[in-house]
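Trainee: show me how the following folds:
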Amino acid sequence: MILGAIIEAVATCLCRLTSRVLSESDSKFGNILDAFFGTMMVVAAFNFSGGYFNPALATALKLGCEGNTFVEHMVVYWLGATVGSVISVFIFRTKTIQNYIKKIKKKQE
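Mentor: Numbering: from 1, shown residues only. Take a look at the predicted model:
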């Protein structure tokens, strides 16, 4: 359960960061790159946690399924994804990420 929550948190964080950076950079192929990265993260996490990165989707599809208790579901899919999303906000606001976005925008000009 803890490993699943960590996987969901890290993957959600990476997916959110990638989406935000691509969105802010106004990349020409940002949507394609974002979809590709998200799909690759789901494939990488599929055998470990299911790779949902979205608590509502995970609940709609998996809550009450055999093999997982309600508490396990909540910890992995709700706590893991929520913690990952919150951490991504703090990481996105760091000077390193903001400077990277500015650098990308200058190259596009």
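
Trainee: need the helices for this structure, in chain order.
Mentor: Assignment of helices within the chain using DSSP state H yields the ranges 2-25, 30-45, 55-62, 70-73, 80-92, 95-108.

Trainee: any buried residues in the fifth one, and which?
Mentor: If I follow you right, that is helix 80-92. Of the residues in helix 80-92, those scored as buried under the neighbour-count criterion (16 or more other CB atoms under 10 Å) are 80-81, 83-85, 87-88, 92. (Each C-beta comes from the backbone N, C-alpha and C, glycine too.)

Trainee: counting by contacts, list what that helix packs against.
Mentor: Using 3 or more CB pairs under 8 Å, 6 or more residues apart in numbering; DSSP states H and E as the contact definition, the elements that helix 80-92 packs against are helix 2-25, helix 55-62.

Trainee: can you redo those as TSV with distance to residue 48?
Mentor: Converted to TSV, the helices and strands packed on helix 80-92 look like this (distance: least, CB to CB, whole Å):
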stretch	distance to residue 48
helix 2-25	5
helix 55-62	13
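
Trainee: show me the contacts for the spatially most central residue of the chain.
Mentor: In the chain, the C-alpha closest to the average C-alpha coordinate belongs to residue 12, at a distance of 2.0 Å (CA atoms, centre = their mean). When contacts are counted by CB atoms under 8 Å, 6 or more residues apart in numbering, residue 12 is found next to 53, 80-81, 84-85, 88.

Trainee: no further queries at this time; thank you.
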